[in-house]
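# coordinates for the following, if possible.
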Amino acid sequence: MGDGKIIIKNTVWLTISNFFPRIIQTILILYTTRQIGDIGIGKYYTISSLVAIVILITDFAANSLVTREVAKDRNSASSYFWNVSLFKIALALSTYAILIALTYILGYPKDIISGAYIFGAYMVLSVFTGLIQSFWQAFEEMHFISILNSLVGVCNFIITFILIQNGGGFVSLIWGLLGSSIVGLLFCLIFFPRRMVIPKTPIRKDILGTIIKLSLPFALMGVFSTIYFRIDTVFLSKFQTEAVVGQYGTAHKIIEFLQMVPYALLGAVYPAFSRLYSADFSKFSSLYKITFKIISILSYPVLIGILLLSADILRIFGSEFTGATIALNLLAIALFFMFPNSLFMSVCMAIDKIKVATIVALGDVVLGVLLNLFFIPSWGANLSLNGAALTAVICEVFNFIVLAIYLRRAIIPLPLLKQNGKLLMAGIIMGIAVFMVRRYGLVAAMAVGIITYPLALLILKAVTYQEINIIRSIITRK
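Numbering: from 1, shown residues only. Okay, here's the model as predicted:
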């Protein structure tokens, strides 16, 4: 099967894998939020952000590294699996101990602490299912990932719904995650071991040394990215009320869900980027340009749709959440830059320029911490969440400028202005249509947007015949 056909097939599987569980989780969050309000959901967001920052060290042997290296040489899969697994076990035990100590040091109430312990157990189990998924991604067997995540999503829904119905409160969301992760781990243990033949010497110092050396930049980037992505919620939890955390966290959750749009595509093309950069640069360049074009096409309707419908979207969760309307609008602008930034980061990792991505991620942490410390304590309860969202916008614009300039010099330039002009015009046409019908409800407005935007792209010829031919040649080339 040609690279293009594999990419399309895997994109479909990863789209299912990413969106189906996210849709289930979003429905759960929506239902739970209406049951427990902004204060209860604020506690959940505090726990999830705090635990994510602490447990992230367990991904020191980064999954992206495993995917990249095994994609290059599948014969190394067994050695990587056993050595990385044992390394992650040691890290998981250490970081869970750190989590226990940190929750007491920060002085969180007992319900936050107990919830953090449960959530920490879920995150530890997720580390190992994530590792197995990185091997399936390297083998380009995305259907296993899709089945796994769909199964986990369904189990999560069932467990959480039952607990909520019986008055479980916000912790029901956490128990649902833990229970479903156990089911997911069992699925991995059943279907994955056939791939892993135990080598004669499972623990090899040379491989461990290579893993530590090569994964350090990946680990640092993961640490910096997670801190940057979660630190705003942690600061809000210490400086503002749980209601403010709940409002901001809900807006943030919407953006987190929409981040899956580019990730589904990038998860499928990342192994191809890794293989083609050194093997066929011409094909790599074509894939890079087309991927950027697709991501750009997807970004405009998301941005304009949220800017026009943000209050209506938040009202679904409850009237008290409309206080995060401005924050959601700002986060939508940040998301607009996250789309191409996610591609730039993936390309840096695929072409062994991970150090560049790590330096940019470190810049995010420094900038994010400084700006959040300035905005959140000083802007007051009602405006602090807007300050946190504004920080995200500034950081993502910083990422875009630095990475676009670097990759333009290191690889090939992208036609940013020429390409985005027609896409912006198509987005404006869609926005006008949505604005005219939004009084008829959110569903009607979204339906009009879904129909109008593709039509505007065709009328404006935003996708050229040459680009269609390039896509066709990639698909049919063997």
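# show the pLDDT at Lys283.
We have a pLDDT of 80 for Lys283.
# wait, it sits on Arg275?
No - between Lys283 and Arg275 there is no contact under Cβ atoms under 8 Å: 9.6 Å. Every C-beta, even on glycine, is put in place using the N, C-alpha and C of the backbone.
# please give me every residue in contact with Thr322.
311, 314-315 (Cβ atoms under 8 Å, 6 or more residues apart in numbering).
# packing partners of the host helix or strand of Gly427?
When elements are assigned from DSSP states H and E, Gly427 belongs to helix 416-437. Helix 416-437 is packed against helix 281-315, helix 442-459, with contacts defined by 3 or more Cβ pairs under 8 Å, 6 or more residues apart in numbering; DSSP states H and E.
# for Ser296, what are its contacts?
Ser296 neighbours (Cβ under 8 Å, 6+ apart): 339-340, 419-420, 423.
# distance to Met430, pLDDT and neighbour count for these - can I get that in TSV?
Shown next, in TSV, are these (distance: Cβ to Cβ, whole Å; pLDDT from 0 to 100; neighbours: other Cβ atoms under 10 Å):
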residue	distance to Met430	pLDDT	neighbour count
Phe339	16	92	26
Pro340	19	91	23
Gln419	17	69	18
Asn420	15	77	19
Leu423	11	89	22
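# format those residues as TSV; extra columns: distance to Gly267.
Shown next, in TSV, are these (distance: Cβ to Cβ, whole Å):
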residue	distance to Gly267
Phe339	14
Pro340	16
Gln419	23
Asn420	24
Leu423	23
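# return the member of those nearest to Gly387.
Nearest to Gly387, judged by Cβ to Cβ, of these is Phe339 at 23.3 Å.
# surely Val365 touches Phe229?
No - using Cβ under 8 Å, Val365 is not in contact with Phe229, being 10.0 Å away.
# picking up where we left off before, between the contacts of Thr322, which is nearest Glu242?
Leu314 (17.4 Å).
# I'd assumed Thr325 was in contact with the closest one.
Yes - assessed by Cβ under 8 Å, Leu314 is found in contact with Thr325 at 6.1 Å.
# in terms of neighbours, single out the busier of those two.
Shown here are Leu314 and Thr325; by other Cβ atoms under 10 Å, Leu314 has more neighbours (22 against 18).
# what residues are up against that one?
250-251, 321-322, 324-325, 328.
# pLDDT wise, what is it at?
Looking at Leu314, its pLDDT is 91.
# quick revisit: so for Ser76, which of the helices and strands packed on helix 416-437 sits nearest?
Proximity of the helices and strands packed on helix 416-437 to Ser76 was assessed by Cβ to Cβ; the nearest stretch is helix 281-315, lying at 22.4 Å.
# mind checking how far that closest one is from the chain centre?
In terms of Cα atoms, centre = their mean, to the nearest Å, the centre of helix 281-315 is found 14 Å from the chain centre.
# report the buried residues of that helix.
Within helix 281-315, the residues that qualify as buried are 283-284, 286-314, counting by 16 or more other Cβ atoms under 10 Å.
# which one of the contacts of Thr322 is nearest Leu236?
Distance to Leu236 across the contacts of Thr322 (Cβ to Cβ) is lowest for Leu314, with 16.7 Å.
# skipping its backbone neighbours, what lies nearest the closest one in space?
Phe321 (4.5 Å; Cβ to Cβ, 6 or more residues apart in numbering).
# residues contacting that neighbour?
By Cβ under 8 Å, 6+ apart, Phe321 lies in contact with 33, 38, 246-247, 250-251, 314-315.
# farthest-apart pair in those residues, please.
It's Gly246 and Arg315 that sit farthest apart of those, by Cβ to Cβ, at 14.8 Å.
# tell me where the stretch 101-250 of the chain has helices.
110-138, 142-165, 171-191, 205-239, 242-258 (DSSP state H, counting those that start in this stretch).
# name the stretch among the ones you listed that sits most buried.
When those are scored by mean count of other Cβ atoms under 10 Å, the highest mean neighbour count falls to helix 242-258 (a mean of 25).
# taking helix 281-315 as reference, get the angle to that helix.
With axes from the mean of the first three to the mean of the last three Cα atoms, to 10 degrees defining the directions, helix 242-258 sits at 140 degrees from helix 281-315.
# can you give the distance from helix 242-258 to the centre of its chain?
Averaging C-alpha positions (Cα atoms, centre = their mean) puts helix 242-258 15 Å from its chain's average.
# what helices or strands is the helix or strand just after that helix leaning on?
Sequence order places helix 260-279 as the next helix or strand after helix 242-258, per DSSP H and E. Contacts defined by 3+ Cβ pairs under 8 Å, 6+ apart place helix 260-279 against helix 3-55, helix 63-72, helix 110-138, helix 281-315, helix 325-350.
# what comes up buried for helix 260-279?
Under 16+ other Cβ under 10 Å, the buried positions of helix 260-279 are 260-277.
# not counting sequence-adjacent ones, nearest residue to Leu457?
Distance criterion Cβ to Cβ, 6+ apart; nearest residue to Leu457, sequence neighbours excluded, is Ala426 at 4.9 Å.
# that neighbour: neighbouring residues, count only.
Count around Ala426 with other Cβ under 10 Å applied: 24.
# wouldn't it be in contact with Leu298 here?
No - between Ala426 and Leu298 no contact is recorded; they are 11.9 Å apart, counting by Cβ under 8 Å.
# Leu335 contacts Ile255, doesn't it?
Yes - counting by Cβ under 8 Å, Ile255 is a contact partner of Leu335 at 5.1 Å.
# the helix or strand hosting Glu396 to helix 281-315, inter-axis angle?
Here Glu396 is covered by helix 380-410, with elements defined by DSSP H and E. Relative orientation of helix 380-410 versus helix 281-315 (the same axes, to 10 degrees): 170 degrees.
# elements contacting helix 380-410?
helix 205-239, helix 242-258, helix 325-350, helix 354-378.
# now it against helix 354-378, angle please.
Using the same axes, to 10 degrees, helix 380-410 lies at 160 degrees relative to helix 354-378.
# residues contacting the spatially closest residue to Arg230 that is not a sequence neighbour?
Among residues not flanking Arg230 along the chain, Ser49 sits closest, at 4.1 Å (Cβ to Cβ, 6+ apart). Ser49 is in contact with 230-231, 233-234, 237, 249, counting by Cβ under 8 Å, 6+ apart.
# what stretches of the stretch 301-450 of the chain score poorly on pLDDT?
For the stretch 301-450 of the chain, residues meeting the criterion pLDDT under 70 lie at 378-382, 415-419.
# now with 90, please.
316-324, 345-362, 364-365, 369, 372-388, 404-423, 438-439 (pLDDT under 90).
# can you check the stretch 1-150 of the chain too?
For the stretch 1-150 of the chain (pLDDT under 90), the answer is 1-117, 119-150.
# distance of the nearest residue to Lys461 once chain neighbours are set aside relative to Ile297?
Of all residues not flanking Lys461 in the chain, Lys422 sits nearest, at 7.3 Å (Cβ to Cβ, 6+ apart). Distance of Lys422 to Ile297, computed by Cβ to Cβ, to the nearest Å: 10 Å.
# no further questions, thank you.
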